[in-house]
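In: everything below, folded, please.
(chains A, B, C and D)
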4 protein chains.
Amino acid sequence: MGIRVAVAGASGYAGGELLRLIAGHPEFDLVAATAHAQAGQPVAAVHPQLTGLDLVLDATEPATLADADLVFLALPHGASATLAAALPETVKVVDLGADHRLRDPDAWARYYGGAHAGTWTYGLPELPGQRAAIATANRVANTGCYAVATTLALAPLIAAGAVFPADLVVVAASGTSGAGRAAKPHLLGSEVMGDLSPYKVGAHQHVPEIKQATGATSLSLTPVLAPMPRGILATVTAVPTGDTDPREVLAEAYADAPFVHVLPEGTWPHTAATAGSNTCHLQATVDADSGRVIAVSAIDNLGKGAAGQAVQNANLMLGLPETTGLSAFGVAP
Amino acid sequence: MGIRVAVAGASGYAGGELLRLIAGHPEFDLVAATAHAQAGQPVAAVHPQLTGLDLVLDATEPATLADADLVFLALPHGASATLAAALPETVKVVDLGADHRLRDPDAWARYYGGAHAGTWTYGLPELPGQRAAIATANRVANTGCYAVATTLALAPLIAAGAVFPADLVVVAASGTSGAGRAAKPHLLGSEVMGDLSPYKVGAHQHVPEIKQATGATSLSLTPVLAPMPRGILATVTAVPTGDTDPREVLAEAYADAPFVHVLPEGTWPHTAATAGSNTCHLQATVDADSGRVIAVSAIDNLGKGAAGQAVQNANLMLGLPETTGLSAFGVAP
Amino acid sequence: MGIRVAVAGASGYAGGELLRLIAGHPEFDLVAATAHAQAGQPVAAVHPQLTGLDLVLDATEPATLADADLVFLALPHGASATLAAALPETVKVVDLGADHRLRDPDAWARYYGGAHAGTWTYGLPELPGQRAAIATANRVANTGCYAVATTLALAPLIAAGAVFPADLVVVAASGTSGAGRAAKPHLLGSEVMGDLSPYKVGAHQHVPEIKQATGATSLSLTPVLAPMPRGILATVTAVPTGDTDPREVLAEAYADAPFVHVLPEGTWPHTAATAGSNTCHLQATVDADSGRVIAVSAIDNLGKGAAGQAVQNANLMLGLPETTGLSAFGVAP
Amino acid sequence: MGIRVAVAGASGYAGGELLRLIAGHPEFDLVAATAHAQAGQPVAAVHPQLTGLDLVLDATEPATLADADLVFLALPHGASATLAAALPETVKVVDLGADHRLRDPDAWARYYGGAHAGTWTYGLPELPGQRAAIATANRVANTGCYAVATTLALAPLIAAGAVFPADLVVVAASGTSGAGRAAKPHLLGSEVMGDLSPYKVGAHQHVPEIKQATGATSLSLTPVLAPMPRGILATVTAVPTGDTDPREVLAEAYADAPFVHVLPEGTWPHTAATAGSNTCHLQATVDADSGRVIAVSAIDNLGKGAAGQAVQNANLMLGLPETTGLSAFGVAP
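Out: Residues are numbered from 1 along each chain as shown, chains lettered A, B, ... in the order given. Next comes the predicted model:
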């Protein structure tokens, strides 16, 4: 008899990836998967890649989920708080949405709008002390996808004093699944193939989250939609404080992290190598002309950026080995 | 202590996928991976998606492989025979190449050229009687990728007498990994993105293999290169002998096959739903205008079309459950 | 002072391509472009690739269009008839929709539904006698995209008696722009990239049109959505009547056609080579195993399959050289 | 009788695009196209998109080219100088390679290696005074593709004193045609599709060119290979000197430039809108968190980044209107 898990918001892309990971997890039993408009449909009608998974989507009601040991919430931003509040305290919850990430209610109001739902344990195990915090929490807020990619590259550099926490510049490109599954004209295949398209320039909602997670004091993030289904490549540049080798700093910080790999010198991360996995690849150097530190990270936005990370957090919360049911190896080409 | 397996030809795309599957297989220990030009390189330098797999590629020598319980050969067509002959009889072998598939030496000479190496047990477990044959074989010839997609859609229809074995028309499109990893100008990303490109029209080497596996007496196969890394979609049309529902025939044939799914009526297979998995999706109908049977199948050419199928065969040969270490669920989107 | 042209339905993909071609046409003055939901928007807000074209979309009203010498209708199927009937007889019209293509009202009812609007001159200049017919018509029905690709490959073979008009099998794959610009979930970039997906299998509405245009008596057409924005590759197979070389038949039929090129022997059409152009590339051979004739054609579905063809027809109707303002060269890679 | 032009290096991607533009140019007659390994082949065998252009590639010899009024050199970096020196002074030359761009021989030696060939008039007409300089030059060095995208966004901001010339950060992603047509494993379609891959991080050869063209004193450029055939998206960030609106600066600078469009406020450039054209789209804003200026530009790397720009320069050198034979409108979707 395994651990009983449920997924709310199972019809979206992160939800589908959660179902796939849960189906392959040796300790999890999926007891419910819920959706809104698609409730009543077989999972395979909504996620054809899960053909053979015999389950019908339920409506998203607390009663349907309350019976689980752990619930994953993969709901639109702003929708998690109410549902989470209606679940018994004894049910562990991993929220893939943004509702419980920020500590600063003003930042929430400014970037998301509405009332702030409160702050949960931040779900990035690779941050110092966070693995232990997650292990004892019963409510964990998953890190946002751009925030994972940026924070893993940046946090150790700031923490080590190797770069200044101000004047940080991040340009990060994401595959289209990061934009969700709602049918919007600018996300049509005809529009996105062959196209690189920046959006929310100068005001992305992951900025306050990244600052909170890394200690950055000023940071510009330019997100770009890229013509691929999955993957985030984040290019992070910072002004160095001295001569510290940034690659060394990263290598040391993640020496024991099973899902973060600092690549051999001269080898740069690229997204395809992380597709379908819970891995983050990292590299850093010092720019010849400007002297800036350039750190690059690659993740699968649905893996380490969402569903994989959520399962990693769940493993920790449930006392399982962190890597259970997760792969560090990408599906490529 | 697990079962000792080795991969010859580990630097190509099928080889890389084999390494990924072996790394996730609960019973396999990878004892050697060999290559030609890339011998001496760490696996992760050749397959960045396998970063974290600490192994160096060896040269492809019988001695390096002879120590394994089972060897996968993922070599260019024509290169398997000599190596296989140099391995001890006690070593089980799955050959992903074409060398040992055909029973007819003339067909080999006509489509591949050179001397025919002989015929091994044909590695498509879903064919009648083949699961048992594979389980007792110690040398198995993996089915070719187009042949898998076509045969799974066609063989039961011919066997049931539902369609005539002549006048068969197949058009099958494949992702670019099916064309291999050798750097050829027409396979450059700039050339293949945005492009559908037929090749070997009127004379593809999988035709005799499909005829042998299905009982077809005449068949035209038009292969098309499609702008995606993985996946084969085969459209098979045939003249019906009567009123038999072709979907029913397929559903019955694969009722117990864990990796072949006949989709619900009205739902058609598409390749993305099978990516990264060992699954085949099938559907069939009767064309309103011509009365022809149209059957469509989708697979991942590196999964059920190559490495996944090879592991499935290895499982059977080793007395393991057929599904060990394999997923029926695709990585999508 | 040029020829005054207008476009109704200018917000879709075919409409956008029409605007681009008209802007580059040396004899056309664009006097109006109309849309439905997007009326009132600048063209560049709807088609960013036309930034610099200073024009606001009007509502689609007969009065707005009646002033033009020639009107292009790029409306959804079923919407052209009413608007066309409201335009003065003196205004020439090219209808890119299906409303006026079919001669058989029953075929219309069966494949499209509703009342049949009547039959206009069929707009495929490369069919025997059709160039002259178009030149004297003032209402022309543009050929459907799959019908262009299939008919150009098939019609001469049937006309020459080289193949039987029955037992024809066509598999044709199209880029996503052929599915239009309406935001539907299955057309999202995340869904279509990496995917080949058949649709309307066994019952596509272009079948009666192809039969009418080619003289085919029975034909199966399997359409497939391919992961690219533009292009159609049609594979047409037929049973030969004798030994006639199918390539010769095609080469002879199109010796004087400026936009149809039969490629050198052994060279096969591929879609990328036709992107952005009004060209059709053709090749044919006899299959080694089955003896079937295999003819392959490639077009840009928005070019020769829609807007390019429409301009070609308009040129003929207006007494201009057929090639005015059109390119036979693709934009590649 | 038109102006006689020739292309050396016609077998590559920039060469092919030049041939396409020349074929559609109302004043140019193509008198020779030369290549190295592909000499002797028909153009259409090397560039199938130019089927119908009846021309055979010559060997690249001065004598073959000397007869033209203007020669385009689309050769590998380092190969232009010798050939250019062998052409009569009376023959005008546009060099698409890097050989004659830099004024500083040390920068050449550091980033390209070998002896510096000298400095020609810099071929970016949109820089202040440059249009006139090009018009009187008979040797012009085309701007590099990343340099075009970056310089058009950055030069006016520095010139206006709106941003500091130091601490500039550029991240620019390019389609794969920018990497050329040589068959290299990492450029295979299987590798690039679904992948974002940074390269030459910290040391790209366009840095000294951008500094020379913009007046920047320190600049980091991170180039990324993106999964699309064409297009460059450059994100340029800079520290503002005061409150100047960066969008206003750009709008003023390019008020009269036919090929550079500053988009309406809130609308961001994306590459697909520029494909196949000679256009550059621009936008700029001030980042809410960091206060940095973020300017974004999009071009087609083969258009305004190479062949289109070259034709624009040739037009100016020959006294033709700058826009002759060039389109400001992209081919989309």
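
In: now the residue of chain A most remote from its centre. Nearest residue, chain neighbours left out?
Out: If you look at how far each residue of chain A sits from its centre, by C-alpha atoms, centre = their mean, the farthest one is residue A:289, at 33.0 Å. Nearest residue to residue A:289, sequence neighbours excluded (C-beta to C-beta, 6 or more residues apart in numbering or on different chains): residue D:207, at 5.1 Å. C-beta: built from backbone N, CA, C; applies to glycine.

In: what residues does chain A have near chain C?
Out: A:13, A:175-177, A:179, A:181, A:183-185, A:187-194, A:227-229 (C-beta under 8 Å from any C-beta of the partner chain).

In: in helices only, show me the residues you listed.
Out: Cross-referencing the residues of chain A next to chain C against helices under DSSP state H gives A:13, A:189-192.

In: biggest separation within the residues you listed, which pair?
Out: A:13 and A:190 (19.4 Å; C-beta to C-beta).

In: wait, doesn't residue A:233 sit right on residue A:172?
Out: Yes. When contacts are counted by C-beta atoms under 8 Å, residue A:233 is listed as touching residue A:172 (6.8 Å).

In: shared neighbours of those two, anything?
Out: Shared contacts of residue A:233 and residue A:172 (C-beta atoms under 8 Å, 6 or more residues apart in numbering or on different chains): residue A:149.

In: compare neighbour counts for these two and give me the winner.
Out: Legend: neighbour count by other C-beta atoms under 10 Å in any protein chain shown for residue A:233 and residue A:172, higher for residue A:233 (31 against 27).

In: quick one: the more buried one and residue A:171, what's the gap?
Out: 9 Å (C-beta to C-beta, to the nearest Å).

In: and of the ones in helices among the residues of chain A next to chain C, the nearest to residue A:72?
Out: For those, the nearest to residue A:72 is residue A:13 (13.5 Å; C-beta to C-beta).

In: please name the residues that touch the closest residue to that closest one other than its chain neighbours.
Out: Spatial nearest neighbour of residue A:13, chain neighbours left out: residue A:177 (4.5 Å); criterion: C-beta to C-beta, 6+ apart. By C-beta under 8 Å, 6+ apart, the contact list for residue A:177 reads A:13, A:229-230, A:301-302, B:333, C:190.

In: for residue A:22, same thing?
Out: So residue A:22 contacts A:5, A:7, A:28, A:30, A:311, A:325 (C-beta under 8 Å, 6+ apart).

In: out of these, which sit inside strands?
Out: A:5, A:7, A:28, A:30 (DSSP state E).

In: now, of those residues, which are buried?
Out: A:5, A:7, A:28, A:30 (16 or more other C-beta atoms under 10 Å in any protein chain shown).

In: quick check: the two most widely separated of the residues you listed?
Out: Of all pairs in these, the most separated under C-beta to C-beta is A:7 and A:28 at 10.4 Å.

In: so where is the stretch 151-300 of chain A shaky, pLDDT-wise?
Out: By pLDDT under 70, the stretch 151-300 of chain A contains no weakly predicted segment.

In: switch the cut-off to 90
Out: A:202-204 (pLDDT under 90).

In: which parts of it sit against chain B?
Out: A:176-177, A:193-194, A:229-230, A:261, A:263-264, A:267, A:270, A:272-277, A:279, A:281.

In: phi, psi of residue A:92?
Out: Residue A:92 adopts backbone torsions of phi -70, psi 150, taken as degrees, to the nearest 10.

In: what about the closest residue to chain C within the stretch 201-333 of chain A, how many residues nearby?
Out: In the stretch 201-333 of chain A, the residue that lies nearest chain C is residue A:229 (4.9 Å; C-beta to the nearest C-beta). For residue A:229, the count of nearby residues is 30 (other C-beta under 10 Å).

In: give me the nearest residue to it, chain neighbours excluded.
Out: residue B:333 (4.4 Å).

In: over to the one you found. Which of the three states is it?
Out: coil (DSSP: H, G, I helix; E, B strand; the rest coil).

In: I'd say residue A:305 and residue A:152 touch.
Out: No. Counting by C-beta under 8 Å, residue A:305 does not reach residue A:152; the two are 10.5 Å apart.

In: how far away is residue A:163 from chain C?
Out: 35 Å (C-beta to the nearest C-beta, to the nearest Å).

In: need the contact list for that residue.
Out: A:154, A:157, A:238-241, A:246, A:293.

In: make a ChimeraX selection of the buried ones in these.
Out: Filtering the contacts of residue A:163 down to the buried ones (16+ other C-beta under 10 Å) takes a single ChimeraX command:
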select /A:154,157,238,239,240,246,293
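
In: report the beta-bridge partners for residue A:70.
Out: Counting by DSSP bridges, residue A:70 is bridged to residue A:5, residue A:92.

In: now the helices: where do they sit in the stretch 1-150 of chain A?
Out: For the stretch 1-150 of chain A, the helices defined by DSSP state H, counting those that start in this stretch cover A:13-23, A:43-46, A:62-65, A:80-85, A:105-111, A:130-136, A:145-159.

In: nearest to residue C:134, out of the ones you listed?
Out: helix A:43-46 (46.2 Å).
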